[in-house]
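Undergrad: what's the 3D shape of this:
(chains A and B)
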Amino acid sequence: MDLAKYRAVFLEEASDHLEQMGRALLDLEKDGASSDAIDVVFRMAHSIKGMAASLGYDSITAVSHALEDRMAEIRNAGRITDPTELPLLFQGLEGLEAMVRVVRDTGEPPPPDPGLTETLRVAAPAPPKKKLLRP
Amino acid sequence: MARVLVADDASFMRQMIREIVEAEGHEVVGEAADGVEAVEQYERLHPDVVTMDIVMPRRSGIDAVRGILAVDPSARVVMCSALGQETLVTEALQAGARDFIVKPFKPDSVLDTLQKVLEKPE
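TA: Presented below is the predicted three-dimensional model:
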C-alpha cells in the first residue's frame, strides 16, 4: 500500500468530513431532533473511523468510534435530550480536528487521547457484541 | 477474472478496494458513492460481484442490496463492514448479501472472500 498516497486522500476526506460534521453540529444546536444532522455526524464519524483504522491511526480510530457509538445512541433516541450532550460532541470534533492536524503537520500517527475517548464513552454504552456466522 | 462494482461513500475505501482487486487481475467496472448509485450502476453494468459499504448516504448499503436483488435475484453482493457493525451485517446477510469483509481491509481476506463468493453457484 502506498502510504503517502492514502495519507493524502485521508487528509482531504477527513478534513471535508470534519467540516460537514461541524456544520451538522451547528444545525443540532438549533434543532436537536434534526435526523439529517444526526445522520451526517454519525456517517462522518463512521467514515473517519474506517479510514483511520486502515492507516493504523489508532487514536483517531478510538475517538471516531466513540463518537459514532454516541451518535448511534442519539439516533436511537431520535433527538439530543441532554443539554450537556452538544458540548461533548463539539469536544469530540475538536479532538479529531487536532489529531488530523498532527497527521498533516508531521505525517505521523497522532498520540492517543484516552481521556477524550473515555469522556465520549461515558453514558454511551457500547452495543452488545454478537458473534457473526458466515453463510 | 471478475467484473467488480465498488460501492462506498469514501473515495479512500473505493481506491483501496480497487487497488486490491486490480492487483489480482479483476476489473473494477464501476464505482458508486451511495446506495442509489449502487443500484443504478448495477442495473447498467451487471457486474459479477459488488462490494457494498453498509453506511452510505441517500440509501443504505442494506437497502441497496434489497434493490439490487429485486433487479437480479442472483446478484452477488459482499458487504464491507467495520468494527461494531455486527447487527447490521447480520441484517445484510438476511437481506441476501452473500458474505462480508471487515475494515481495515486485508488484501488476502478481501480476495479470498470474493473468490469464494464468485465460485459459489448462483
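Undergrad: where along chain B do the helices fall?
TA: For chain B, the helices defined by DSSP state H occupy B:11-23, B:35-45, B:61-71, B:86-95, B:107-119.
Undergrad: per-residue confidence averaged over stretch A:75-86?
TA: Mean pLDDT, computed over stretch A:75-86, is 90.
Undergrad: Show me where the chain dips below the pLDDT cut-off.
TA: All of this refers to chain A. Along chain A, segments meeting pLDDT under 70 span A:123-135.
Undergrad: that answer is for a different chain, and I need it for chain B
TA: Residues of chain B meeting the criterion pLDDT under 70: B:121-122.
Undergrad: who in it is up against chain A?
TA: Within chain B, the positions lying close to chain A (CB under 8 Å from any CB of the partner chain) are B:9-13, B:15-16, B:19, B:55-57, B:82-84, B:86-87, B:89-90, B:93, B:98-100, B:103-105. Backbone N, C-alpha and C define where each C-beta goes, glycine included.
Undergrad: all helices of chain A, in order?
TA: A:3-30, A:35-55, A:58-77, A:85-106, A:114-121.
Undergrad: want to try a markdown table for those, with distance to chain B and mean neighbour count as columns?
TA: What follows is the helices of chain A, written out as a markdown table (distance: least, CB to the nearest CB, whole Å; neighbours: other CB atoms under 10 Å in any protein chain shown):
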| stretch | distance to chain B | mean neighbour count |
| --- | --- | --- |
| helix A:3-30 | 5 | 16 |
| helix A:35-55 | 4 | 23 |
| helix A:58-77 | 6 | 21 |
| helix A:85-106 | 13 | 17 |
| helix A:114-121 | 13 | 16 |
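Undergrad: Turn the ones you listed into CSV, columns for distance to B:L5.
TA: Listed next are these as CSV, based on distance: least, CB to CB, whole Å:
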stretch, distance to B:L5
helix A:3-30, 20
helix A:35-55, 19
helix A:58-77, 26
helix A:85-106, 30
helix A:114-121, 35
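Undergrad: wait, which of those is closest to B:A32?
TA: With CB to CB as the criterion, B:A32 lies closest to helix A:35-55 of those, at 15.0 Å.
Undergrad: Check which helices and strands the closest one is in contact with.
TA: Packing contacts for helix A:35-55, counted by 3 or more CB pairs under 8 Å, 6 or more residues apart in numbering or on different chains; DSSP states H and E, involve helix A:3-30, helix A:58-77, helix A:85-106, helix B:11-23.
Undergrad: Dump those helices to TSV, plus distance to B:V36.
TA: Below are the helices and strands packed on helix A:35-55 laid out as TSV (distance: least, CB to CB, whole Å):
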stretch	distance to B:V36
helix A:3-30	19
helix A:58-77	21
helix A:85-106	28
helix B:11-23	16
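Undergrad: Of these, give the one that comes closest to B:R44.
TA: With CB to CB as the criterion, B:R44 lies closest to helix B:11-23 of the helices and strands packed on helix A:35-55, at 17.2 Å.
Undergrad: Show residues contacting that closest one.
TA: A:1, A:6, A:9-10, A:13, A:50-51, A:54, B:2, B:4, B:6, B:8, B:28, B:31, B:33, B:51, B:53, B:80, B:103, B:105, B:107, B:110-111, B:114 (CB atoms under 8 Å, 6 or more residues apart in numbering or on different chains).
Undergrad: Kindly give a single PyMOL line that selects the buried subset of these.
TA: To isolate in PyMOL the members of the contacts of helix B:11-23 that are buried, counting by 16 or more other CB atoms under 10 Å in any protein chain shown, one can use:
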select buried, (chain A and resi 6+9+10+13+50+51+54) or (chain B and resi 2+4+6+8+28+31+33+51+53+80+103+105+110+111+114)
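Undergrad: rewinding a little: tell me the buried residues within the residues of chain B next to chain A.
TA: Among the residues of chain B next to chain A, those buried by neighbour count (16+ other CB under 10 Å) are B:9-10, B:12-13, B:15-16, B:19, B:55-56, B:82, B:84, B:86, B:89, B:93, B:98-100, B:103-105.
Undergrad: unless I'm mixing things up, B:M52 is touching B:G61, no?
TA: Yes. Shown here, B:M52 and B:G61 form a contact pair, counting by CB atoms under 8 Å, at 4.5 Å.
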